[in-house]
Structures are given as structure tokens and as C-alpha cells.
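**Q** A structural model of the following input is requested.
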Amino acid sequence: MGSIRCPHCGIANFADGGACRRCGEFLPAPRAVVAGLPVYEPSALRRIAAMAGAVALVMFAWWASLFATSEGLDPEQRLTVYRAVDLLEQRGFRKEVFALRNVARFRSTDNWWNLHNGHDEAYAATNFPFEIVTVYPWFFEVPKDDVERAVILLHEAQHLMGADEETALRRVWALKGRLDWTAETYGRSKVWKNTREWTQAAAPDLFTCKDVEIDCTR
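**A** Below is the predicted model of the structure:
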């Protein structure tokens, strides 16, 4: 037990309050000293990790909602899609094929986000960075063959890798010859006309002629 000195007579007394043992002066008990608790301050790395974890959780929840509100491909549709992917592989589109085979999750109906934004004229739509590719019924019905389906998937692969619409249209139009997708063979097909129209609207500098059947870039 500690001691307390009497302010009146100066003698040391037990530090338990009460009266001075010599002069009887009242001695207040000393206040207990409470050690302050250390204030925890997370490091910058921990704060960054916490924020990254929160973002990842939100992204996963968003992806799960997109996946859950759409339906997958049936076996016949899946076979058709992967025939077109195989064709892209044969023509040397390695990065695009990797993205389509290993990253993309193909769906056959719109998720809630696509329904909100609308894709009335598209053959397919990609939700980046969630890597969900919605393949619409006209992807299977309108193209003349697997070459045109490969062209459509080549476009969606650009979005899987983060390209915007103009960049995707420019790249596909520039590389279409590697798929033998030419004006001579496909110039009157609906997919050709649609793609040419969308590309011309996004990149008018690629076109110097008016005939939709002619490839002005050659």
C-alpha cells in the first residue's frame, strides 16, 4: 500500500484516506491512476485490404445476381457456340478463344441488367467485367453459317477483354478477312449489313463508299 503525506503536519500516513495519525487532519484518498487504453489505428495496408474485400464482395454479389436472373444454353445451343469458337481457334485468334472458353459464362436469356439497358438489335451482349455473354435466339437463326457466328463471338471477345464498342467494331472489321468473311460471299447477308451499319456509325473513317455490299476498307 502507498503512502500520503499530511499537508498540515508533514507526517506520512497510509494512503487509504481518513485522518492524519498525528494531527487528525482529514486526508482524502488519492485517486487511482487508470492507464489509458491504446488507440488502435489500422495500417494503410489493412485499410486498403478491407476496401478491396468490400469491393470484391459487392462485385461477386452483382455477378451472382446477373447469373441467377438468366438461363444457360441448352446442349444444342452450346454445341453451336463452340463450333464457332473452334473456327476462331483454327484462324489463329488465340486471345479471343482463351477468353471465350475460359472466362466467358454463356447465357441464353437476358439478366436483369440487360433488361434494364436493352439490347434489341444485338446478336449477343457481354457484361464486362462480369464476363457474362448473353447469346440471343437470332444468333442461332439469322447468320448464314458458323463463319458469321464466329464473327459475332469475335466481337464479344473484345468486350470480354475490356474493349469498348467502337474498338470492338474496328477490330472485327479489320480482321474479318482472316475468317474469309468477305463482301463477295456475305455482302447481302443480314449479319454483314448490320455489322457494316454499326461499324460505319462508330468509325465512319473506315468507309469511303455507300454500297452496303462493298467492303470499302480494301
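**Q** in the chain, which residue is closest to the centre?
**A** For the chain, Pro129 is the residue whose C-alpha lies nearest the centre (CA atoms, centre = their mean; 2.6 Å).
**Q** what distance do you get for it to Val55?
**A** According to CB to CB, to the nearest Å, Pro129 stands 12 Å off from Val55. C-betas here are computed from N, CA, C, even on glycine.
**Q** and the gap between Ala104 and Leu66?
**A** Distance, Ala104 to Leu66, using CB to CB: 13 Å.
**Q** overlap in contacts, these two.
**A** By CB atoms under 8 Å, 6 or more residues apart in numbering, Ala104 and Leu66 have these common neighbours: Ile132.
**Q** now do the same end-to-end measure for stretch 83-98.
**A** This stretch, stretch 83-98, spans 14 Å end to end (CA to CA, to the nearest Å).
**Q** hang on, I meant stretch 86-104
**A** So stretch 86-104: terminal residues 15 Å apart, CA to CA.
**Q** which residue, other than its chain neighbours, is closest to the residue nearest to the centre of the chain?
**A** Sequence neighbours aside, Gly162 is the residue nearest to Pro129 in space, at 7.3 Å (criterion: CB to CB, 6 or more residues apart in numbering).
**Q** that neighbour: neighbouring residues, count only.
**A** 10 (other CB atoms under 10 Å).
**Q** that one in helix, strand or coil?
**A** coil (DSSP: H, G, I helix; E, B strand; the rest coil).
**Q** do the same with Cys209
**A** Per three-state DSSP, Cys209 ends up coil.
**Q** what's in contact with the helix or strand hosting Thr134?
**A** In this structure, Thr134 is located in strand 132-135 according to DSSP states H and E. By CB under 8 Å, 6+ apart, the residues outside strand 132-135 that reach it are 63, 66-67, 70, 73, 77, 81, 100, 104-111, 114, 119, 123-127, 156, 160.
**Q** next structured bit after that strand?
**A** Heading C-terminal from strand 132-135 (DSSP H and E), you reach helix 137-141.
**Q** and that following helix, what's buried?
**A** Across helix 137-141, burial judged by 16 or more other CB atoms under 10 Å covers 139-140.
**Q** quick one: list the elements packing against it.
**A** Helix 137-141 sits against helix 146-160, with contacts defined as 3 or more CB pairs under 8 Å, 6 or more residues apart in numbering; DSSP states H and E.
**Q** dump the helix it packs on to PDB, restricted to CA.
**A** What follows is helix 146-160, C-alpha atoms only, in PDB (Å, rounded to 0.1, in the frame of the first residue of the first chain):
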ATOM      1  CA  ASP A 146     -20.700 -20.700 -88.400                       C
ATOM      2  CA  VAL A 147     -18.400 -18.100 -90.000                       C
ATOM      3  CA  GLU A 148     -20.900 -15.400 -89.200                       C
ATOM      4  CA  ARG A 149     -21.400 -16.700 -85.700                       C
ATOM      5  CA  ALA A 150     -17.600 -16.700 -85.300                       C
ATOM      6  CA  VAL A 151     -17.600 -13.000 -86.300                       C
ATOM      7  CA  ILE A 152     -20.200 -12.200 -83.700                       C
ATOM      8  CA  LEU A 153     -18.300 -14.000 -81.000                       C
ATOM      9  CA  LEU A 154     -15.100 -12.300 -82.100                       C
ATOM     10  CA  HIS A 155     -16.800  -9.000 -81.400                       C
ATOM     11  CA  GLU A 156     -18.000 -10.200 -77.900                       C
ATOM     12  CA  ALA A 157     -14.500 -11.500 -77.100                       C
ATOM     13  CA  GLN A 158     -13.200  -7.900 -77.500                       C
ATOM     14  CA  HIS A 159     -15.700  -6.800 -74.800                       C
ATOM     15  CA  LEU A 160     -14.600  -9.700 -72.600                       C
END
